[in-house]
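In: Generate a structure from the sequence data that follows.
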Amino acid sequence: MKADLLSKDKVIITAAITGGLHGREANANLPLTPQEQAQAAHDAYNAGASIVHLHVRDEQGIVSTDLKDYSNTIRLIKERCPIITQIGNGIGTRVHPDGNLGEKVTLAERMDLINIEPRPDMMTVNGGTFEFRSPVSDDTFDNNFQFNTDFIEGCKARGYGLELEVYDPSHIANMMDLKRRGILDGMLHFSIVLGIKGGSPASVSNLNHMISELPDGSGWQLVSIGRYHFRLNAMALAMGGNVRTGMEDTVFNNKGEAVKGNGELVEATAALTRAMGREPATVEETRKALHL
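Out: Numbering: from 1, shown residues only. Predicted structure coming up:
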């Protein structure tokens, strides 16, 4: 597809409020417990986000695979605001307070996310297996074809919306293969992720190329990490895309100062959206755009 430099479409702002890797060593204001994540989601909603992207922690702030923690977090969010809830299928890395890594999250634990109650609105699908390198760990992020097929089928059976996270062009090809096989259907919504070590680096040329590889009629957002966050988000907004922000993607504001919370990042992103001549989408507009 082609970038649309004159787009007036409403912008879907997703708030990735915590992430599954860093903890409060990165920013003391990172929301960890279900109660803190619910408040962060509410703050993001009030600032202009229509989707909250979740990596759930337990009461000790460790990445959780316990569906009770997911259920509690989603219930608390739904009690506070109508923001669309989206679960990150990768879950994350179990980092204990002493810095040691716990057992690796298994494919079975990731598959079990389809059974969360109350149900979230969306799930993410990671486009392929690759080496995901971070300050926390260097690991092979397994998203093999059979796992993705089974996960997508499970999501379809339960009526979840899907976001397809693609870290390099081969992942787009993988998703199109699933489309040709009838495993994916309808309008596809992609997340172009740039800046993760092991995936495509953050650059103008990579953004342009990956947009060009998307099928016509699909939706897309940019996920840009760290120091490139605001500038690449500005580019995505100028090119007709949607954007993600939040303390999973950056723990600093545009001045290089530690952010006080996710609401601050969403406010800055909403202001950037309006500076580009566009407006943030409401929850209702987002549901319509994504066929939720």
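In: okay, CA-based contacts and neighbour counts for the rest of this
Out: Will do.
In: in this structure, what spans have low per-residue confidence?
Out: For the chain, no stretch has pLDDT under 70.
In: need the helices for it, in chain order.
Out: Under the criterion DSSP state H, the chain carries helices at the ranges 34-47, 67-80, 107-111, 145-158, 169-180, 204-213, 229-238, 262-275, 283-289.
In: Quick check: buried residues in the last one?
Out: Buried residues in helix 283-289, defined by neighbour count with 16 or more other CA atoms under 10 Å: 283, 286, 287.
In: Over to the fifth one?
Out: Buried residues in helix 169-180, defined by neighbour count with 16+ other CA under 10 Å: 169, 171, 172, 173, 174, 175, 176, 178.
In: go on, the first one?
Out: Neighbour counts over helix 34-47 (16+ other CA under 10 Å) mark 34-45, 47 as buried.
In: same question, the third one
Out: Of the residues in helix 107-111, those scored as buried under the neighbour-count criterion (16+ other CA under 10 Å) are 109, 110, 111.
In: can I assume the second one is in contact with residue 90?
Out: Same thing as residue 110. Yes. In this structure residue 110 lies within contact range of residue 90 using CA atoms under 8 Å: 6.9 Å.
In: Help me confirm that residue 117 comes into contact with residue 71.
Out: Yes. Using CA under 8 Å, residue 117 makes contact with residue 71 at a distance of 5.5 Å.
In: Could you list everything the residue nearest to the spatial centre of the chain pairs with in the sheet?
Out: The structure's the chain has its C-alpha centroid closest to residue 53; by CA atoms, centre = their mean the separation is 5.0 Å. Beta-bridge pairing for residue 53 (DSSP bridges): residue 16, residue 86.
In: Tell me, how many residues neighbour the nearest residue to residue 145 once chain neighbours are set aside?
Out: By the measure of CA to CA, 6 or more residues apart in numbering, the closest residue to residue 145 outside its immediate chain neighbours is residue 128, 7.5 Å from it. When counting by other CA atoms under 10 Å, one arrives at 21 neighbours for residue 128.
In: again, but for residue 141
Out: Under the neighbour criterion other CA under 10 Å, residue 141 is assigned a count of 16.
In: Then residue 105?
Out: Counted by other CA under 10 Å, the residues lying close to residue 105 total 16.
In: that older thread, now the buried residues of helix 169-180 in TSV, with distance to residue 223?
Out: Formatted as TSV, the entries for these read as follows, by distance: CA to CA, whole Å:
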residue	distance to residue 223
169	15
171	15
172	15
173	19
174	19
175	18
176	20
178	22
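In: Quick check: the farthest pair among those residues?
Out: Pairwise distances across the buried residues of helix 169-180 peak at 14.7 Å for 169 and 178 (criterion: CA to CA).
In: between residue 117 and residue 71, who's got more neighbours?
Out: Regarding residue 117 and residue 71, a neighbour count based on other CA under 10 Å identifies residue 71 as having more, with 19 against 14.
In: picking up where we left off before, quick one, which of the helices of the chain is nearest to residue 18?
Out: Checking the helices of the chain against residue 18 by CA to CA gives helix 34-47 as the closest, at 7.7 Å.
In: who does the closest one touch, helix- and strand-wise?
Out: strand 51-54, helix 67-80, helix 262-275 (3 or more CA pairs under 8 Å, 6 or more residues apart in numbering; DSSP states H and E).
In: before we move on, back to that, in terms of distance to residue 75, which of the buried residues of helix 169-180 ranks first?
Out: Taking CA to CA as the measure, residue 75 sits nearest to residue 175 out of those, at 31.2 Å.
In: Would you agree the closest one is in contact with residue 143?
Out: No. Taking contact to mean CA under 8 Å, the distance of 11.7 Å between residue 175 and residue 143 leaves them out of contact.
In: State the distance from the residue located most distally from the centre of the chain to residue 113.
Out: Ranking residues of the chain by C-alpha distance from their mean position (CA atoms, centre = their mean) puts residue 98 at the top, at 27.2 Å. As defined by CA to CA, to the nearest Å, residue 98 lies at a distance of 27 Å from residue 113.
In: so who does the residue lying closest to residue 267 once chain neighbours are set aside touch?
Out: Nearest non-adjacent residue to residue 267, counting by CA to CA, 6+ apart: residue 47, 5.2 Å away. Each residue near residue 47 by CA atoms under 8 Å, 6 or more residues apart in numbering is listed here: 263, 264, 266, 267, 270.
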